[in-house]
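# Just to be clear, the model below is a prediction. Sequence and coordinates:
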Amino acid sequence: MLRLLVLLSSSFAVLAALTACPTPSEGEGEGEGEGEGEGEGEGEGEGEGEGEGEGEGEGEGEGEGEGEGEGEGEGEGEGEGDPNDEAGDETAPAASGGAPFTFTVDINPVGDRDCWSFTANEGDVVHATAIDATCAGSTSDPELELFDADDVTTYFDRDSDSGDGYCALLETQLTAGDWIICIEEFVEDGTLNDVTIDVTVTVPVMLGAGATCVTGSIAEICDPALSLECRISTAPSTFTCVVPSVLNDGDPCEPGTTANVCDAAAALECVDVDGDTTFNCANPDAAACLAVQELNADPMSFTIGTTDLTAGGCAFTARPETVLHYQADAGIPLQNLRFTGVGGVNALYVRTACELTATQRDCTSTTNDYVDMLGVTGGSDMYLFAEGTADAAVSIDVTVTPVTLLGDADACTIGDSAAVCGAGLACADGGASADVCAAAVFTAGELATADPTWTRPGATCTAGLTAVRYDVYQVANQGGAAQLTAEIHAPGDPALLACNFDSYVHVYRDPFDAAQPTTGCVIGDDDTGPGTCGLVSTAIAAGETVNVVVSGYGATSAGTYELIVTAPGTTLTVTPQ
């Protein structure tokens with residue numbers, strides 16, 4: 001009996017000490033061990049040692065003790081822990097348990113990121129958001145990054161503000177395999193509190209013919225196996241899955257729709273030819289081109305017509321035009337031409353094929369101004385559309401300047417229109433030496449409506465204009481260090497002296513990321529080349545690869561072009577991206 005009382009007394013003392021110690025958390029669990037600690041809570045347990053006993057109690061206090069024993073216990077409670085220890089980075093992500101999944105975490109300290117792994121099947125679409133209490137108001141800025149688990153050095157996709165305000169929303173199509181998604185603070189100079197990442201992975205819905213669709217959606221797509229595309233079936237904004245068709249000259253059409261379109265390659269447009277409110281595919285300039293006047297004198301006098309023939313390409317007003325034909329002197333192999341309006345020519349533009357708007361080479365909408373045709377081959381045909389007041393007596397002055405052709409390694413001056421490098425050559429920046437004609441790589445391209453857009457930087461690589469179309473070319477130096485020159489011109493321009501639109505050219509270190517247009521930017525240019533042609537020059541190291549980005553000056557700049565790159569003393573390869 002005495003031994004039992006001693007044991008019970010010891011048990012109560014230990015229990016009082018344990019229940020008096022505060023702890024940062026309470027929980028459930030089973031275990032065995034030995035140690036020291038402090039905490040607060042309730043529990044039941046059994047143990048073996050020098051005695052046996054059961055008891056419950058609450059209290060606060062501090063104490064230290066040592067002992068050995070085994071026991072089991074149960075209890076419930078709430079506590080706090082560090083969630084940042086529960087999700088690793090992209091090299092050691094936490095298991096998500098499979099999509100869909102949702103986690104709420106703190107991104108703390110500065111530079112912290114939390115990542116989770118998941119698996120996708122071929123063609124699956126991942127939809128992920130990162131939202132906290134203040135990102136919708138553009139105060140905090142969470143960012144999502146998606147990695148292929150086989151390549152965690154380069155993100156597959158990322159987003160920081162496609163949701164409300166600065167909230168992140170990422171949606172993209174995946175290939176089969178393991179993926180990793182991470183959340184972090186956008187510029188990694190702040191922290192995030194209670195930010196929730198929500199991830200779903202779904203199989204895209206295939207829409208059939210006639211189904212309503214949303215252009216650009218990857219969650220619901222018109223079935224490509226049926227050759228369906230999401231097009232405007234009813235103007236102005238009803239999109240339907242259809243098999244698009246190209247309409248021919250004279251076919252009925254509906255303005256503003258894209259399901260069935262007039263053949264642009266044949267310069268056809270959906271127009272009301274005879275004013276009876278019915279629309280057919282036709283070339284709006286066809287009638288005018290059947291009644292051209294010959295521009296066979298200098299100056300050439302004529303009378304402006306009475307019909308508004310075309311909208312032109314230089315913000316023309318709704319005024320009548322007259323079409324004139326001019327043929328360059330066949331006795332001059334290469335020449336520059338200037339056409340100047342006199343006596344009330346309100347606008348003037350030039351094409352090399354009368355009915356084809358894509359062949360427009362230069363234009364002006366300033367009264368009595370001029371247009372230049374540079375590097376014209378002798379015998380070439382040109383068509384001038386002269387706009388003015390109906391029945392006004394006006395004239396066109398023509399100035400002809402012969403052009404000297406230079407050979408390989410001849411000294412040249414970039415932008416000089418009077419002496420130009422011959423076929424297959426371009427005037428290259430000689431660096432510390434004189435500029436010379438050198439072999440060039442020519443690559444044809446086009447800035448079109450379907451091209452991606454970016455925020456185009458300026459010449460000094462600072463922030464510029466938004467929603468500008470762009471194309472990217474990877475240029476690899478196969479030899480030693482050299483001076484790289486990159487410029488664009490109109491395709492087929494024998495003297496490389498004209499552009500079809502106001503252009504911009506930039507050079508970027510590899511890799512290029514259009515989402516970060518000021519990162520890696522080396523140099524840019526708007527019109528150092530002739531007219532509105534962009535031209536840049538910069539050093540390229542031995543074996544280096546750079547990216548040349550061709551874009552328009554603004555959101556409406558578009559057209560065909562030819563990219564010309566040179567680097568005397570080395571060999572370049574150019575690959576469209």
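All right, it came through fine. In this text the structure is predicted, and so the values were computed from the model without any measurement.

# can we go C-alpha only for contacts and neighbour counts from here?
Fine.

# next one: the lengthiest strand in the chain to chain centre, how far?
Criterion DSSP state E: the longest strand present in the chain is strand 465-477. Strand 465-477 sits 9 Å away from the centroid of its parent chain (Cα atoms, centre = their mean, to the nearest Å).

# With just CA atoms, put it into CSV.
What follows is strand 465-477, C-alpha atoms only, in CSV (Å, rounded to 0.1, in the frame of the first residue of the first chain):
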residue,chain,number,x,y,z
LEU,A,465,3.3,50.9,-77.7
THR,A,466,0.9,48.1,-77.0
ALA,A,467,-0.9,45.6,-79.3
VAL,A,468,1.8,45.7,-82.0
ARG,A,469,2.2,42.7,-84.3
TYR,A,470,5.6,41.0,-84.4
ASP,A,471,7.6,38.2,-86.0
VAL,A,472,10.8,36.6,-84.5
TYR,A,473,13.9,35.3,-86.3
GLN,A,474,16.7,33.4,-84.6
VAL,A,475,20.1,34.5,-86.1
ALA,A,476,23.1,32.2,-85.4
ASN,A,477,26.7,33.2,-86.0
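
# report the angle between the axes of the following helix or strand past that strand and strand 465-477?
Next helix or strand after strand 465-477 toward the C-terminus (DSSP states H and E): strand 482-489. Counting by axes from the mean of the first three to the mean of the last three Cα atoms, to 10 degrees, strand 482-489 lies at 130 degrees to strand 465-477.

# Quickly list what the closest residue to Thr258 other than its chain neighbours is bridged to.
Leaving aside its chain neighbours, Thr258 sits nearest to Ile232 (5.0 Å; criterion: Cα to Cα, 6 or more residues apart in numbering). Here Ile232 sits in beta bridges with Phe239, as judged by DSSP bridges.

# neighbouring contacts of stretch 93-112?
83-84, 86-88, 113-119, 180, 184-185, 188-201 (Cα atoms under 8 Å, 6 or more residues apart in numbering).

# pull the CA atoms of that stretch into CSV?
Provided in CSV are the C-alpha atoms of stretch 93-112 (Å, rounded to 0.1, in the frame of the first residue of the first chain):
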residue,chain,number,x,y,z
PRO,A,93,7.5,20.1,-55.3
ALA,A,94,4.9,18.9,-52.8
ALA,A,95,2.5,16.2,-54.0
SER,A,96,-0.9,17.8,-54.8
GLY,A,97,-2.8,14.6,-54.5
GLY,A,98,-4.0,15.1,-58.1
ALA,A,99,-6.1,17.8,-59.8
PRO,A,100,-8.4,19.4,-58.9
PHE,A,101,-6.7,20.8,-55.9
THR,A,102,-6.7,24.0,-53.7
PHE,A,103,-4.2,25.3,-51.2
THR,A,104,-3.9,28.5,-49.2
VAL,A,105,-0.4,29.5,-48.3
ASP,A,106,1.8,32.4,-47.2
ILE,A,107,4.6,33.5,-49.6
ASN,A,108,7.0,34.5,-46.9
PRO,A,109,9.9,35.5,-46.6
VAL,A,110,10.7,37.5,-49.7
GLY,A,111,11.7,35.3,-52.6
ASP,A,112,9.7,32.3,-51.3
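
# List the buried residues in that stretch.
By neighbour count on 16 or more other Cα atoms under 10 Å, the buried set for stretch 93-112 is Pro93, Ala94, Ser96, Ala99, Val105, Asp106, Ile107, Asn108, Asp112.

# Quick one: mean pLDDT for it?
Averaging pLDDT along stretch 93-112 yields 93.

# go on, stretch 299-314?
Here the average pLDDT along stretch 299-314 is 78.

# ok so, going back, when you check the contacts of stretch 93-112 against the strands, which ones overlap?
Using DSSP E, the contacts of stretch 93-112 in strands are 113-119, 180, 184-185, 192-201.

# pull the CA atoms of stretch 261-268 into CSV?
Provided in CSV are the C-alpha atoms of stretch 261-268 (Å, rounded to 0.1, in the frame of the first residue of the first chain):
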residue,chain,number,x,y,z
VAL,A,261,-14.7,35.1,-97.1
CYS,A,262,-13.9,36.6,-100.5
ASP,A,263,-10.5,35.5,-102.0
ALA,A,264,-8.0,38.1,-100.7
ALA,A,265,-5.3,36.7,-102.9
ALA,A,266,-7.4,37.8,-105.9
ALA,A,267,-8.0,41.2,-104.3
LEU,A,268,-11.7,40.5,-103.8
